[in-house]
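Asks: Sequence and predicted structure are below.
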Amino acid sequence: HVQLVESGGGSVQTGGSLRLSCEVSGDSYSRRCMGWFRQAPGREREGVAVIASGGSTTAYADSVKGRFTISRDNARNTLYLQLNSLKTEDMAMYYCAKGGSMGGYSDWGRGTQVTVS
C-alpha cells in the first residue's frame, strides 16, 4: 500500500521561504517520477514541478521558475520542494504525487497548506 504524506506548509510573509517534504511508503518510489501540484480555492489544480526517478531531470511551471526547487532523496523515499520568494499567488494547498507505471500519477498525498500574506 502506497502512502504519501506531505509536511512543511505554513504561513509566511511575502518574500518568505518554506520547504515542503513528502514521505513516500512503498518500494517503487525510486523508480518513479514525482511531482508537486497545487490548488487554490476556486481554481483548478495545477502542476508546479516534476522530477525524474534519478533526480537529474526537473521541470517547472513558468510561474515558479527561478523561485521553487524540486529535489528528492531516494535513500529516504522523500521528495522536497523549496519555495523561495513567495508571492500571495503561491498560496494554495500543495500536493505531492507519484508517477504511475503506465504514465500519469497513480498516488497522491492529502496536501499541506501554504499561506502567504
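Replies: Okay, I see it.
Asks: in stretch 74-87, what's buried?
Replies: Residues Asn77, Thr78, Leu79, Tyr80, Leu81, Leu83, Leu86 are the ones in stretch 74-87 that count as buried (16 or more other Cβ atoms under 10 Å). For the C-beta atoms, the positions are set from N, CA and C on the backbone; glycine is no exception.
Asks: whoops, I mixed them up, stretch 28-45
Replies: Applying a neighbour-count criterion of 16+ other Cβ under 10 Å, the buried positions in stretch 28-45 are Ser28, Tyr29, Arg32, Cys33, Met34, Gly35, Trp36, Phe37, Arg38.
Asks: can you redo those as JSON lines with pLDDT, secondary structure and distance to Gly9?
Replies: Below are those laid out as JSON lines (pLDDT from 0 to 100; DSSP: H, G, I helix; E, B strand; the rest coil; distance: Cβ to Cβ, whole Å):
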{"residue": "Ser28", "pLDDT": "81", "secondary structure": "coil", "distance to Gly9": "25"}
{"residue": "Tyr29", "pLDDT": "85", "secondary structure": "helix", "distance to Gly9": "21"}
{"residue": "Arg32", "pLDDT": "91", "secondary structure": "coil", "distance to Gly9": "23"}
{"residue": "Cys33", "pLDDT": "95", "secondary structure": "coil", "distance to Gly9": "22"}
{"residue": "Met34", "pLDDT": "96", "secondary structure": "strand", "distance to Gly9": "17"}
{"residue": "Gly35", "pLDDT": "97", "secondary structure": "strand", "distance to Gly9": "17"}
{"residue": "Trp36", "pLDDT": "98", "secondary structure": "strand", "distance to Gly9": "12"}
{"residue": "Phe37", "pLDDT": "98", "secondary structure": "strand", "distance to Gly9": "13"}
{"residue": "Arg38", "pLDDT": "98", "secondary structure": "strand", "distance to Gly9": "11"}
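Asks: Please enumerate the strands of the chain.
Replies: Counting by DSSP state E, one finds strands in the chain at the ranges 4-7, 10-12, 18-24, 34-39, 46-51, 58-60, 68-73, 78-83, 92-99, 105-108, 112-116.
Asks: Sheet-wise, list the partners of the second one with their directions.
Replies: In other words, strand 10-12. Sheet neighbours of strand 10-12, with direction, are listed as strand 112-116 (parallel) (DSSP bridges).
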